[in-house]
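In: Attaching a predicted model along with its sequence, questions to come.
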Amino acid sequence: MTDRELLTAGSRLQLLNEIEQAYYAAQVKQVDEETFTIGEAYNGDKSLAPEKGSVFQITLYGQDAVYYFSARVMATYREEDDDCYVFSYPVQMHRHQRRSHARVPYHLHVNFWPLDKARQMLSQIIVSGDDIPLEDSRWGKGLIDDLHSRMPSIQGITLDLSGGGLRMVTLEPVRRQERLLIQICLDERGRQFFLLEGRITRTNLLAIGNWKRYRVGVAFINISRGMQERIIRHIFRIMRKRV
């Protein structure tokens with residue numbers, strides 16, 4: 001399938017607001033040789049008003065893959081009661097199959113805990129009775145700090161990251177098949193944290209004399225499609241910056 005067959009009237013897109021690090025959903029209204037036009041983009045009740053000349057990172061969802069591209073706002077106009085935005089047609093689209101996991105070398109500090117013990121501690125922190133999903137962004141710095149104060153974490157540095165898991169190096173030994181609660185931050189400004197469940201798939205000792213480290217492979221478990229897509233989009237942002 002060609003790019004021209006992918007981006008058509010009715011295609012559903014997500015536009016990244018770089019300032020908020022939030023995605024806004026929009027639908028393509030029309031496409032021509034050099035541009036495509038969308039209606040208003042929304043994130044919940046909030047609408048996005050792209051300014052002429054601004055460039056957006058955009059996600060297009062196909063039947064068997066996700067596509068990523070950049071586009072510039074060429075013009076804006078109003079049609080009946082709907083604001084419309086004309087974008088330049090993408091020069092190139094990056095394709096990622098949903099059933100596979102693109103892996104990118106990426107160094108990121110992570111914290112993790114044994115899953116069962118961490119879940120018990122979280123149940124004590126959330127005293128309101130709210131069942132906040134682990135991936136929910138409401139696990140902000142305050143709640144994360146509370147967890148750290150009650151139960152010190154093990155620290156690691158990632159070697160690479162994908163939508164399906166990560167590899168990291170840690171100072172402390174861990175067991176294969178052990179389940180972890182992992183704190184990860186996908187916001188470059190360090191403001192938005194997520195808690196993910198993972199299972200250790202492999203572990204290797206790295207030793208030179210008295211120097212010891214452990215290389216650990218982790219597969220994410222019970223991860224939602226939405227969270228997986230968020231990680232994949234983050235990976236493609238990293239890849240685009242390295243081009």
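Out: That came through, no problem.

In: CA only for contacts and neighbour counts going forward, please
Out: Noted.

In: okay, and for this structure, where does confidence drop off?
Out: Filtered on pLDDT under 70, the chain yields the residue ranges 1-3, 63-64, 96-102, 126-141, 188-191, 236-243.

In: Look through it and report the residue furthest from the middle.
Out: Within the chain, residue 209 marks the point farthest from the mean C-alpha position, 38.5 Å out by Cα atoms, centre = their mean.

In: Tell me which residues are up against stretch 75-83.
Out: Here stretch 75-83 makes contact (Cα atoms under 8 Å, 6 or more residues apart in numbering) with 39, 40, 51, 52, 84, 85, 86, 87.

In: First-to-last residue distance for that stretch?
Out: This stretch, stretch 75-83, spans 11 Å end to end (Cα to Cα, to the nearest Å).

In: Let me know the secondary structure of residue 51.
Out: Here residue 51 is coil, with the state taken from DSSP: H, G, I helix; E, B strand; the rest coil.

In: which parts of stretch 85-96 are buried?
Out: Using 16 or more other Cα atoms under 10 Å as the test for burial, stretch 85-96 gives 85, 86, 87, 88, 89, 90, 95, 96.

In: One more: stretch 75-82?
Out: 75, 76.

In: Over to stretch 105-122?
Out: For stretch 105-122, by 16+ other Cα under 10 Å, it's 106, 108, 110, 111, 112, 113, 114, 115, 118, 122.

In: how far does it stretch from start to finish?
Out: From its first residue to its last, stretch 105-122 covers 31 Å (Cα to Cα).

In: neighbouring contacts of it?
Out: Against stretch 105-122 from outside (Cα under 8 Å, 6+ apart): 147, 150-151, 153-161, 178-185, 197.

In: so of those, which ones are in helices?
Out: Taking DSSP state H as the definition of helices, the contacts of stretch 105-122 contribute 147, 150.

In: would you turn the buried residues of stretch 85-96 into TSV with secondary structure?
Out: Shown next, in TSV, are those (three-state DSSP):
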residue	secondary structure
85	strand
86	strand
87	strand
88	strand
89	coil
90	coil
95	strand
96	strand
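
In: ok, residues contacting stretch 43-59?
Out: Counting by Cα under 8 Å, 6+ apart, 13-17, 22-25, 40-42, 66-76, 85, 233 sit against stretch 43-59.

In: Put the buried members of those residues into a ChimeraX selection.
Out: To isolate the buried ones among these in ChimeraX, judged by 16+ other Cα under 10 Å, type:
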select :13,14,15,16,17,23,24,25,40,41,42,66,67,68,69,70,71,72,73,74,75,76,85,233
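
In: Out of the contacts of stretch 43-59, list just those in strands.
Out: Counted as lying in strands by DSSP state E, out of those, are 13-17, 22-25, 41-42, 66-76, 85.

In: Tell me what residue 71 is bridged to.
Out: Note on residue 71: beta-bridge partners by DSSP bridges are residue 56.

In: Please report the distance of it from residue 15.
Out: 10 Å.

In: hmm, back to that, for the buried residues of stretch 105-122, which one is nearest residue 34?
Out: Minimum distance to residue 34 across the buried residues of stretch 105-122 is 35.2 Å, recorded for residue 106 (Cα to Cα).

In: so who does the residue nearest to residue 22 when sequence neighbours are not counted touch?
Out: Excluding its sequence neighbours, the residue lying closest to residue 22 (Cα to Cα, 6 or more residues apart in numbering) is residue 16, at 5.8 Å. Residue 16 sits next to 22, 23, 24, 56, 57, 58 when contact means Cα under 8 Å, 6+ apart.

In: want to throw the residues you listed into a markdown table with distance to residue 166?
Out: Output for those, formatted as a markdown table (distance: Cα to Cα, whole Å):
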| residue | distance to residue 166 |
| --- | --- |
| 22 | 23 |
| 23 | 24 |
| 24 | 27 |
| 56 | 28 |
| 57 | 24 |
| 58 | 25 |
